[in-house]
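Engineer: Everything below, folded, please.
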Amino acid sequence: MPAKKNPLSPVKRAVAKKKVTRKKATVAKFPYLKVALWAFVLAVLCSPFYYGYVLKTAVTTWRWITDIGGNPNYRTYTSFQIKIPAQYKIHGIDVSYAQGKINWDKVSAMEEDSVRISFAFIKATEGLLTVDPYFKRNWREAPKAGITCGAYHYFRPKKDGLWQARFFLQNVEIEKGDLPPVADVETLDKLPPQVMRKELAKFLKHVEQKTKVRPIIYTGISFYNDYLKGYFDGYTLWVAHYNRDKLNLSEDTPWQFWQHSETAHINGVNHVVDFDAFKGDSLTFRSLLVP
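Structural biologist: All right, here's what the predicted structure looks like:
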């Protein structure tokens with residue numbers, strides 16, 4: 001018979017051997033390697049390369065996905081990073097001091113699927129005292145790059161319309177081949193609508209008398225419907241209405257330019273830009289220019 005086990009005798013347990021983890025020779029030899037690797041990763045994440053290429057690729061891919069099943073005539077153009085209505089063939093931008101110093105040669109050279117910048121509206125003045133600090137440079141350099149230009153005045157209803165027109169014309173020399181001058185009206189300045197319309201009419205009349213060209217009126221779609229519709233129907237309209245596949249105005253509205261995006265990315269410009277489309281063909285566009 002086998003001997004009985006003594007229940008009180010200690011049980012010998014196998015002592016688990018401690019697993020010795022050896023540090024990698026490389027890390028041991030170079031203690032600052034890990035810190036350097038993390039510094040490199042942070043540098044990449046904070047670098048223009050990351051934001052300029054990695055994030056751009058991610059955003060573009062996402063836009064491609066969201067375009068699936070959408071309107072094929074209103075799709076994302078990768079280079080410009082916006083959706084562009086395909087039924088228009090003449091495209092442009094509008095700029096001011098907000099875009100900083102612009103490389104107009106790069107702007108002119110940019111193209112994707114026959115979409116390129118053909119025209120630019122450039123801010124010249126505002127109210128009675130403000131001249132856009134980049135106007136002279138933009139007005140000089142953009143035509144050299146082959147871009148047709150027009151100058152615009154940011155209209156302030158609380159200022160006299162006639163004096164605003166004189167101030168605008170003191171700073172802008174309109175020449176043959178330019179787009180007509182523009183009155184940018186998008187605020188009431190806390191005045192009644194009829195006061196705004198009275199001063200705007202004075203501005204438009206004086207500019208037309210002096211230049212022999214009927215100005216264009218720029219405004220937002222809501223401002224037009226609320227305050228301008230039916231009062232200035234003899235003037236060509238440039239209307240802001242963003243992120244839509246069509247401009248929601250009646251067929252008899254005399255619009256020719258549509259500012260359909262405010263977030264376009266343009267080569268040569270270090271800030272997002274308003275993107276515009278012209279309603280009509282090249283013959284219609286040329287007929288609109290200053291003779």
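
Engineer: what about the nearest residue to Ala109 once chain neighbours are set aside, how many residues close to it?
Structural biologist: Once flanking residues are discounted, Ala109 sits nearest to Asn267: 7.1 Å by C-beta to C-beta, 6 or more residues apart in numbering. Using the backbone N, CA and C atoms, a C-beta is placed for each residue, glycine as well. Asn267 has 15 neighbouring residues, counting by other C-beta atoms under 10 Å.

Engineer: wait, what's in contact with Asn267?
Structural biologist: Listed by C-beta atoms under 8 Å, 6 or more residues apart in numbering, the contact set of Asn267 reads 79, 103, 106-107, 109-110.

Engineer: and the gap between it and Met110?
Structural biologist: Between Asn267 and Met110 the distance is 4 Å, computed by C-beta to C-beta, to the nearest Å.

Engineer: Mutual contacts of those two, please.
Structural biologist: Ser79.

Engineer: per-residue pLDDT, the residue nearest to Ala109?
Structural biologist: At Asn267, the model reports a pLDDT of 98.

Engineer: Ala36 now?
Structural biologist: For Ala36, pLDDT reads 74.

Engineer: Can you pull out the low-pLDDT segments for the protein?
Structural biologist: Residue ranges of the chain with pLDDT under 70: 1-31, 41, 44-45, 48-70.

Engineer: in the lengthiest strand in it, what's buried?
Structural biologist: For the chain, the strand with the greatest residue count under DSSP state E is strand 115-126. Neighbour-count burial for strand 115-126, counted by 16 or more other C-beta atoms under 10 Å, picks out 115, 117-126.

Engineer: Sheet-wise, list the partners of the very next helix or strand once past that strand with their directions.
Structural biologist: Moving toward the C-terminus from strand 115-126, the first helix or strand encountered (DSSP states H and E) is strand 130-131. With DSSP bridges as the test, strand 130-131 is paired with strand 115-126 (antiparallel).
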